[in-house]
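Visitor: quick one, fold the following:
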Amino acid sequence: MKQTELITNPDGSIFHLHLKPVDIAQKIVIVGDPDRVEMVSSFFDSIRVRKQNREFNTVTGTYKSKEITVISSGIGTDNIDILLNELDAIVNFNLSTKKPHDTKTSLEIIRIGTSGGLQGEIEPGSFVITEKAIGFDGVMNYYSGIEAISDISFEKEFMEYTKWPDRLSYPYIIESDRELFTRFESVGITSGYTVSSPGFYGPQGRTLTIEPYIPNINDLLGSFRYKGNKIMNYEMESSAIYGLSKMLGHKAVTICAVIGNRVTGKFLVDYKPNITELIGLVLEHL
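Guide: Numbers count the residues shown, from 1 in each chain. A predicted model of the protein is given here:
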């Protein structure tokens, strides 16, 4: 393998995350905000690893006898492309020889995030578990084999319904890990489809100074149905988490707190208690 393909640091750690195999658990909680890592790790009974490089803040510890790693990704699927590939390399490659291990390790990955609701009945403060992620970002379209893990019929219906412009990235739809999804859905969390957007303003239909390319994007998303199910919310990372996890052999699911409703315009200013509640729920069932 070329030296530029799998880059490590002088201490032997992976390039961006600055982590070694010994530093992470097989249960991974991903959050966007580096400060939210401290919220999650405050639940831990003990901590054995604290490392940070750029937006990637990592803590590994124990919660009720379960070893868990919580790591921040920053915002966007571009960061997820780095995070998921490097997490996989840490557990499935010898970082010294750059050769893959004979036996694959599968990680259990839960994203805890915030999101914007796309259905009027979703109250700010409620939780949504993502059954399928709709990627507007395009990241997974750069990987060979994307068609094998995508919901092609869903993609076609969505493209036809929205009259999706050729100028924009081709949307891809990836399902969550069924076992993880069922485990958390059984707790009573609302489920549905989630759009992973490549931006916060124009790509999510917001107008400040510049008009979005699809001005009625939120109306189209809110009214679309596939097999009777709705698009429930926006966020910015799950499509790449789901896609890369499927391709690399890991399990992944996303649960987000809805902090604003794009239909009603309601916004939850103090959403920290809701995130704290969601963290506790996830750690109990991880």
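Visitor: helices or strands next to the helix or strand hosting residue 148 in the packing?
Guide: Using DSSP states H and E, the element containing residue 148 is helix 146-149. Contacts defined by 3 or more C-beta pairs under 8 Å, 6 or more residues apart in numbering; DSSP states H and E place helix 146-149 against helix 238-248. For the C-beta atoms, the positions are set from N, CA and C on the backbone; glycine is no exception.
Visitor: picking up where we left off before, any residues touching the helix holding residue 148, and which ones?
Guide: With contacts defined as C-beta atoms under 8 Å, 6 or more residues apart in numbering, helix 146-149 is touched by 140, 172, 174, 243, 246, 247.
Visitor: buried residues, it. List them.
Guide: Within helix 146-149, the residues that count as buried by 16 or more other C-beta atoms under 10 Å are 146, 149.
Visitor: pLDDT averaged over that helix - what is it?
Guide: Here helix 146-149 scores 97 as its mean pLDDT.
Visitor: looking at the contacts of helix 146-149, state which has the most neighbours.
Guide: residue 243 (30 neighbours; other C-beta atoms under 10 Å).
Visitor: report the contact partners of it.
Guide: 133, 135, 139, 140, 143, 146, 149, 172, 174.
Visitor: just the ones of those in strands?
Guide: 133, 135, 172, 174 (DSSP state E).
Visitor: relative to residue 97, which of these is nearest.
Guide: Of all the ones in strands among the contacts of residue 243, residue 97 sits closest to residue 174, with 31.8 Å by C-beta to C-beta.
Visitor: excluding residues flanking it in the chain, which one is nearest the closest one?
Guide: residue 242 (3.9 Å; C-beta to C-beta, 6 or more residues apart in numbering).
Visitor: how about the strands of the chain, start to end?
Guide: If you assign secondary structure with DSSP E, the strands in the chain sit at 27-31, 46-53, 56-63, 66-72, 93-94, 99-100, 108-117, 127-135, 172-175, 190-196, 225-226, 229-235, 251-261.
Visitor: quick check: which of those strands is nearest to residue 283?
Guide: Nearest to residue 283, of these and by C-beta to C-beta, is strand 56-63 at 5.1 Å.
Visitor: what pairs with that closest one, parallel or antiparallel?
Guide: strand 46-53 (antiparallel), strand 66-72 (antiparallel) (DSSP bridges).
Visitor: buried deepest among the ones you listed, which one?
Guide: With neighbours defined as mean count of other C-beta atoms under 10 Å, those peak in mean count at strand 66-72, which reaches a mean of 23.
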